[in-house]
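In: Prediction below, plus the sequence it came from.
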Amino acid sequence: MEIFNNLMMCGVVGFTALNLLQSPVIQQSFSNINSGNVSAANAPEDIKKAVSEAGINDEQFTWAIAYILKVEGGWSTHPSDRGGATKYGIIESVAKRHGLSVSSITLPQAIKIYHTDYWIASGANKAPNPLNLAIMNSYVNSGRKWSISGSNPQEQALNYINQQDNYYTQIYTSNPSQTVFKSGWHRRTEYMKKAIKGENPSW
């Protein structure tokens, strides 16, 4: 299952970022963010530029993808990853579905895939900030959608992230061979929680 392969990769080696992704720590605001106007998005300038080059003009997506790319990293390969090599968190089978190759995929191309296959496909594009980040993160990392509960978007996002974290625990509890990915998975959870709370996390 290609999404599970991506989840495995994120556990250990999917976090080694290229220089392109070593931007200043992302600043988050919980004011209402309106779609359309990438230049106003609260994200590093290099990410804004890549999103624009991908032909996307969505401020909320730009904010969210900056966090996703930070943890997904650049080029990675791991012997336990049945999906093979990844770049920007995109595995070969996903790249091929778009007529691309992981070895040569560019950041704008990867971002375009994230926008169609994960942001829109998960329904994150219809959710309020910061719930949209929680939804996209889970869909990218496991292909799962969880129930939404809570009195406000931040609480909903945290509850959503906790469900994803419980899923990680279920994986390595039922299959001890996956324990090697335990630390990376839970580290990702803590990073996303800080992002949701506006604590400006550093990976």
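Out: Yep, it's here. Numbering: from 1, shown residues only.

In: Please identify the buried residues of stretch 134-145?
Out: Along stretch 134-145, these residues count as buried under the neighbour rule (16 or more other C-beta atoms under 10 Å): 134-143. For glycine as for every other residue, the C-beta is placed from the backbone atoms N, C-alpha and C.

In: now, which of those sits nearest residue 199?
Out: Minimum separation from residue 199 among the buried residues of stretch 134-145 (C-beta to C-beta) is found for residue 134, which lies at 14.8 Å.

In: quick one on the thing from earlier: keep only those of the buried residues of stretch 134-145 that are in helices.
Out: If you go by DSSP state H, those have 134-142 in helices.

In: Now those residues in JSON lines, please, with extra columns for distance to residue 60 and pLDDT.
Out: Output for those, formatted as JSON lines (distance: C-beta to C-beta, whole Å; pLDDT from 0 to 100):
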{"residue": "134", "distance to residue 60": "13", "pLDDT": "98"}
{"residue": "135", "distance to residue 60": "11", "pLDDT": "98"}
{"residue": "136", "distance to residue 60": "10", "pLDDT": "98"}
{"residue": "137", "distance to residue 60": "14", "pLDDT": "98"}
{"residue": "138", "distance to residue 60": "17", "pLDDT": "98"}
{"residue": "139", "distance to residue 60": "15", "pLDDT": "97"}
{"residue": "140", "distance to residue 60": "15", "pLDDT": "95"}
{"residue": "141", "distance to residue 60": "19", "pLDDT": "91"}
{"residue": "142", "distance to residue 60": "21", "pLDDT": "92"}
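
In: Give me the pLDDT for the residue lying closest to residue 150 once chain neighbours are set aside.
Out: Nearest in space to residue 150, with sequence neighbours left out and distances taken as C-beta to C-beta, 6 or more residues apart in numbering, is residue 156 at 3.7 Å. At residue 156 the predicted local distance difference test score is 98.

In: How many residues are close by residue 156?
Out: Summarising burial for residue 156: neighbours were counted as other C-beta atoms under 10 Å, giving 21.

In: buried set for the helix or strand where it lies?
Out: Under the criterion of DSSP states H and E, residue 156 resides in helix 153-174. Within helix 153-174, the residues that qualify as buried by neighbour count (16+ other C-beta under 10 Å) are 153-154, 156-161, 163-165, 167-168, 171-172.

In: Show me what that helix is packed against.
Out: With contacts taken as 3 or more C-beta pairs under 8 Å, 6 or more residues apart in numbering; DSSP states H and E, helix 153-174 sits against helix 131-142, helix 182-197.

In: Output the below-cut-off pLDDT ranges for the protein.
Out: Low-confidence segments of the chain, defined by pLDDT under 70: 1-37, 39-40, 75-84.

In: tell me, what residue is most central in it?
Out: With distances taken as C-alpha atoms, centre = their mean, the chain has residue 68 as the residue nearest its mean C-alpha position (2.9 Å).

In: Mind giving me the packing neighbours of the one helix or strand residue 65 maps to?
Out: Here residue 65, judged by DSSP H and E, is contained in helix 59-72. Taking 3+ C-beta pairs under 8 Å, 6+ apart as contact, the helices and strands that helix 59-72 lies on are helix 45-53, helix 107-113, helix 131-142, helix 182-197.
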